[in-house]
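In: Generate coordinates for the sequence data below:
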Amino acid sequence: MSQFRALAGILRSRGWQCLLLPGGGGGGGRACRSVLAGSARSCFAGPSAPTAVNSSSSTSSSSSYVEEMYFAWLEDPTNVHESWDTFFRHTQAGAVSDGAVEGPPSALLQGRAGHQTPSMARKVVEDHLAVHTLIRAYQIRGHHVAQLDPLGILEADLDCFVPSDLITTIDKLGFYGLDESDLDKTFRLPFTTFIGGGATTLPLREIIRRLETSYCGHVGVEFMFINSVEQCQWIRGKFEPPGAMYFTSAEKRTLLARLVRSTRFEDFLARKWSSEKRFGLEGCEVLIPALKMIIDSSSAAGIDSIIMGMPHRGRLNVLANVIRKELNQIFCQFDPKLEAADEGSGDVKYHLGMYHERINRETDKTLTLSLMANPSHLEAVDPVVQGKAKAEQFYRGDTQGKKVMSILIHGDAAFAGQGVVYETFHLSELPSYTTHGTIHVVVNNQIGFTTDPRVARSSPYPTDVARVVNAPIFHVNADDPEAVMHVCRVAAEWRSTFNKDVVIDLVSYRRFGHNEMDEPMFTQPLMYKQIRRQEDVLKKYSDKLISEGVVTLQEFEEEVAKYDKICEEAYTSSKDEKISHIRHWLDSPWPDFFTAEGEPKGSRREGVLQHIGLTASSVPLEGFNLHPGVSRILRGRSELVKARQMDWALGEYMAFGSLLQEGVHVRLSGQDVERGTFSHRHHVLHDQEVDRRFCVPMNHLWSDQAPYTVCNSSLSEYGVLGFELGFAMASPNALVLWEAQFGDFHNTAQCIIDQFISPGQAKWVRNNGIVLLLPHGMEGMGPEHSSARPERFLQMSKDDPDRFPEFSGDFEVHQLFDCNWVVVNCSTPANFCHMLRRQVLLPFRKPLIIFTPKSLLRLPDARSSFDELSKGTRFKRLIPNEGPASENPQQVKRVIFCTGKVYYELARERKVLNLEGEVALIRLEQISPFPFDLVRSEVERYSNAELVWCQEEHKNMGYYDYVRPRFLTVVANQKPIWYVGRDPAAAPATGNKATHLNELGRFMDTAFNLSVFQGRKF
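Out: Below is the predicted model:
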């Protein structure tokens, strides 16, 4: 293989395909080729090549000229003179000799020592290509040797090696075939670097120096994995030019003032409450000016609303100095005598959020900032923030994210260790979930509680997860404030330019333990010995600016004194606060909730129902090629509409369609929701002949309707449910639903349910109307996908089982207002429709948990008439017995209470046994809050009957443990409520079909054996 072919192979292996492969390299390759091709044609094409090169000036120009000729020849041999063509062809063939190359090339190859031989020319090309490869090596791997650790004792990445292709010592020049004598030679710079500034050539020594300045100082840039040439070039242009990191004196003074506030705030808390946990920011005080720089730059680019999420470390400082929460409101939270207002149970101060609208001082523009409340589950808030940001963008018509954006602050251990981070990243480019770029700021303490990074993650950096979405990662030494500000400015500009995620890794330290009471020397003695010797960043930076003459010592001390005075005055004022109002910390206010103009109006006239049914059973687009199976489903719907009946899919259509007509946005999200797990919904129709042609009939109901969003999600529960919860926070006048593929899939989103949905209002006075649709039912399909675990939701329901609620006025509404969520299991499509509409029409918002059916979706008995949606009808919390038993209640021997699918199995068995006059079947449609009033009425009606609770779930699961004490409260503990159902078990269901049927038959026999409980003691 010739030398040139070998060089081409080297370049290919290092990613230079765009320069050497005429037909490859994708879009980026084509861009590179077009630049080179244009240059080649303008410079080289012509009757002949130049015949001479001045030897005294050709030190740099001849070598670059040969290189350009070679590239042009590779592109197309006709780009160069025939003499060059002959030269390159003979060189590749290995047949180069003094007589094989004619006059013009040998004259051109006069070099630094006069006449250049072909071997000398090859050396010139080799050296230039080696320098280009060296530049690329710094761009790819320079961050590995960047000076990122402010303590100087650790490597920011866990790959403790020095890349062999970086010139950390002179002998490493040999890797490129260069040596020390080449350091003062001049080389032409490739177009893929900006280190030259305005120069096109630089000595090798200066090239290396500038590369080290750009990539090996206090900033480490990871970006060369990005597969867009344009984006890589943009990043190079921000970090490589000489003087790129420039700040005016005014900007430096602003930075110093922000550092003063960040540092002195923590100092003030430490002085006043030295024994209180506050999870301070000491060691990464630069976070505050960093966030403010991001906000300033984003505001200048047009952003006017920012939603933020973060863990507890530094939250109080962010609230005070970024969101601008009143200091006295923060300080009073430390008062142990502060009484709680009657607004819920509240939360600790370092979990609370805040919403604030203010003028940005740097841009003089109005800006709304929202910091979301977050539990101790550090990254749980990530998808919630994204959902709220997406909702604000949606309602404002901000389709490109130019007005609303999100910022997420992370800890290093959590960012690497928590799976929800990965799930959230994978939502970032999905059409129905993208927020058009999030700025992630990692407060990298280089420790997780007491765990060293080397046993906390397998990746070199805690930020490596961001590489999966091609997000650039900017590592920066947090003790260099100006480097941090530059990185933050670039990150904000990146987001504004490309609308993609970006990560800032603030490599810092934690001055104290996990909290201020913790002793870190137990587990990290060497690190904390160094930390105790470490000057804080404010001292370092103030000394720097004083030495530069940017500020005087007196000015600096006055700035410190001014902020200390502000804190002291706020502290004095905080003593006047006697009651803690959680509503002062609300992160998602609804100021116009249900004004006279905003309240939805009910509309379920016959014509509306017929119109919705017609749309649900047709295709509103011309020439649309439906799948035959879908056509059959739509024909079936049409027949139901003509008969004024509805199955489950039509009941859902009626609820959604009527709300859309009333201006209520409906959003349904989850895995496979467009078709439906059980192929019953089909809200998105796909053309069978035209790729990506689809139709959503629900959006063709009325010209002035609200929009309907239905979107299949990624295969994520934790991330997507959190996202939809955040989406539901943005507006009360929307129905936001998340459907699990199967009910038990919610268990991987348990954190969102336990920490946000169930206690959200109690902790943070945050109303939310999120709806969870959880397919549930024992169908003999095995232990997975059978149970949606209703017992878990009922255990977290807060109504008192031992007290009969006493409400004046509307019992139902008062009970709903007092609960933390609503749990239902509807048995008819009409009641399901009413339930969804009630969710929006109530004058407050509560989460709604619906256990949805599987076999009932197509069961003919489980259909409803349009009459059940007519004027005057409403959701039935309890459905009384229908039939002979209700006509002669005193003759009834047993009342069986149940919920959901098992009702139809009980009704069928009762009919077979001809016990319809002796056994009453009553359905609890709303399980929590428990309908005490209606249950009492039914118990009193059948006063001579024994009471039974029947469920298809095992005894230690399902509803029994929840309903039993409440039934006993209804009857004042005067009679029992007997259990009928499956025996206790560890698994939700059997995996054997025969066993399933035997269990069903056994408890059916028990349910209708009227003597089975005789003689048993209560």
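In: From start to finish, how long is stretch 440-452 in a straight line?
Out: 22 Å (CA to CA, to the nearest Å).
In: Can you show me the strands along the stretch 301-450 of the chain?
Out: 305-309, 339-340, 354-360, 365-371, 404-411, 438-444 (DSSP state E, counting those that start in this stretch).
In: so which of those gets nearest Asn820?
Out: strand 339-340 (17.3 Å; CB to CB). All C-beta spots, glycine's among them, are computed from the backbone N, C-alpha and C.
In: Now stretch 369-380: average pLDDT?
Out: Stretch 369-380 shows a mean pLDDT of 90.
In: Now do the same for the closest residue to Glu379 other than its chain neighbours: its pLDDT.
Out: Among residues not flanking Glu379 along the chain, Gln418 sits closest, at 4.0 Å (CB to CB, 6 or more residues apart in numbering). Here the pLDDT value assigned to Gln418 is 90.
In: Surely Leu997 and Glu905 touch.
Out: No: if you go by CB atoms under 8 Å, Leu997 and Glu905 don't touch, sitting 11.3 Å apart.
In: between those two, who's got more neighbours?
Out: A direct count of neighbours by other CB atoms under 10 Å for Leu997 and Glu905 places Glu905 higher, at 18 against 12.
In: hmm, back to that, would you format the strands of the stretch 301-450 of the chain as CSV with mean neighbour count and distance to Phe522 included?
Out: Below are those laid out as CSV (neighbours: other CB atoms under 10 Å; distance: least, CB to CB, whole Å):
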stretch, mean neighbour count, distance to Phe522
strand 305-309, 26, 31
strand 339-340, 11, 35
strand 354-360, 16, 35
strand 365-371, 19, 33
strand 404-411, 27, 20
strand 438-444, 26, 22
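In: contacting residues around Glu739?
Out: 668-671, 673, 677, 772-775, 852 (CB atoms under 8 Å, 6 or more residues apart in numbering).
In: now, among those, which is nearest to Lys798?
Out: When those are compared against Lys798 (criterion: CB to CB), the nearest one is Leu772, at 17.3 Å.
In: Give me the residue ranges of the stretch 601-750 of the chain where confidence is low.
Out: For the stretch 601-750 of the chain, applying pLDDT under 70 flags the ranges 601-604.
In: and if you look at the chain?
Out: 1-68, 90-117, 340-344, 350, 580, 592, 594-604.
In: Could you pull out the helices in the stretch 501-650 of the chain for me?
Out: 525-533, 537-548, 553-574, 606-616, 628-642, 648-661 (DSSP state H, counting those that start in this stretch).
In: Would you mark the buried spots in the first one?
Out: In other words, helix 525-533. Buried residues in helix 525-533, defined by neighbour count with 16 or more other CB atoms under 10 Å: 527-528, 530-531.
In: from those, which single one is nearest Asn328?
Out: Of the buried residues of helix 525-533, the one sitting nearest to Asn328 (CB to CB) turns out to be Ile531, at 31.9 Å.
In: for the strand or helix carrying Arg271, packing partners?
Out: Here Arg271, judged by DSSP states H and E, is contained in helix 249-272. Packing contacts for helix 249-272, counted by 3 or more CB pairs under 8 Å, 6 or more residues apart in numbering; DSSP states H and E, involve helix 287-300, helix 315-318, helix 481-498, helix 537-548, helix 553-574.
In: Show the contacting residues for Gly917.
Out: Applying CB under 8 Å, 6+ apart, the residues near Gly917 are 884-885, 888, 891-892.
In: Swap in 7 Å and give it another go.
Out: 884-885, 888, 891 (CB atoms under 7 Å, 6 or more residues apart in numbering).
In: Next one: it from Asn444, what distance?
Out: From Gly917 across to Asn444, the span is 74 Å (CB to CB, to the nearest Å).
In: go on, Asp149?
Out: Applying CB to CB to Asp149 and Asn444 gives a distance of 10 Å.
In: Find residues that contact each of those two.
Out: In contact with both Asp149 and Asn444: Val507, using CB under 7 Å, 6+ apart.
In: before we move on, back to that, kindly present the buried residues of helix 525-533 as JSON lines, with separate columns for distance to Ser1011.
Out: Formatted as JSON lines, these follow (distance: CB to CB, whole Å):
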{"residue": "Met527", "distance to Ser1011": "75"}
{"residue": "Tyr528", "distance to Ser1011": "75"}
{"residue": "Gln530", "distance to Ser1011": "80"}
{"residue": "Ile531", "distance to Ser1011": "77"}
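In: Max pairwise distance over the residues you listed: which two?
Out: Longest span within the buried residues of helix 525-533, CB to CB: Tyr528 and Gln530, 7.2 Å.
In: Name the nearest of the contacts of Gly917 relative to Val822.
Out: Closest to Val822, out of all of the contacts of Gly917 and judged by CB to CB, is Ala885, at 28.8 Å.
In: how many neighbours does the nearest residue to that closest one once chain neighbours are set aside have?
Out: Among residues not flanking Ala885 along the chain, Ala920 sits closest, at 4.0 Å (CB to CB, 6+ apart). Using other CB under 10 Å, Ala920 has 26 neighbouring residues.
In: A strand includes Ala920, no?
Out: Yes: Ala920 sits within a strand when classified using DSSP: H, G, I helix; E, B strand; the rest coil.
In: In the sheet, which residues pair with it? Tell me.
Out: Legend: beta-bridge partners of Ala920 under DSSP bridges are Val895.
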